[in-house]
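Predicted model and sequence below, questions to follow.
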Amino acid sequence: MKNTNIYTESEKILITKIRSLPPDKVSEIIDFVDFLSQRQQQQSLTNSITQLSEAAFEKIWDNPEDDDYDYL
């Protein structure tokens, strides 16, 4: 379970810092947060696709004929 007090304190610090910046820098922060969010979504999608493909390729990867390749 996350300690919400630490997260809330982090939010307060971040908001205070953002408020001290000029508007053009706040716009950059918004762009950066959007970038981080998109990157996280892409990573999540990649992980999901990887998990789905493991089941499909399991028969190909785990067979006695290819055991010699496991040691390369």
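Arrived safely, thanks for sending.

So what does Asn63 look like in phi/psi?
phi -150, psi 150 (degrees, to the nearest 10).

so where do the helices sit in the chain?
4-19, 23-61 (DSSP state H).

Show me the contact partners of the first one.
The set of residues external to helix 4-19 that reach it, using Cβ atoms under 8 Å, 6 or more residues apart in numbering, is Val26, Ile29. Where C-beta positions appear, they are placed from N, C-alpha and C, glycine not excepted.

Quick one: mean pLDDT for that helix?
The predicted model gives helix 4-19 an average pLDDT of 88.

Repeat that for stretch 45-61.
Confidence over stretch 45-61 (mean pLDDT, whole number) is 84.

can you pull the alpha-carbon coordinates of that stretch into PDB?
Output in PDB follows, covering the C-alpha atoms of stretch 45-61 (Å, rounded to 0.1, in the frame of the first residue of the first chain):
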ATOM      1  CA  LEU A  45       1.300  -1.700 -24.600                       C
ATOM      2  CA  THR A  46       4.700  -3.200 -25.400                       C
ATOM      3  CA  ASN A  47       4.600  -5.300 -22.300                       C
ATOM      4  CA  SER A  48       1.100  -6.500 -23.000                       C
ATOM      5  CA  ILE A  49       2.000  -7.500 -26.600                       C
ATOM      6  CA  THR A  50       5.100  -9.300 -25.300                       C
ATOM      7  CA  GLN A  51       3.000 -11.300 -22.900                       C
ATOM      8  CA  LEU A  52       0.400 -12.200 -25.500                       C
ATOM      9  CA  SER A  53       3.100 -13.300 -28.000                       C
ATOM     10  CA  GLU A  54       4.800 -15.500 -25.500                       C
ATOM     11  CA  ALA A  55       1.900 -17.900 -25.400                       C
ATOM     12  CA  ALA A  56       1.800 -18.000 -29.200                       C
ATOM     13  CA  PHE A  57       5.500 -18.700 -29.600                       C
ATOM     14  CA  GLU A  58       5.800 -21.100 -26.700                       C
ATOM     15  CA  LYS A  59       5.500 -24.200 -28.900                       C
ATOM     16  CA  ILE A  60       8.200 -22.800 -31.200                       C
ATOM     17  CA  TRP A  61      10.500 -21.800 -28.400                       C
END
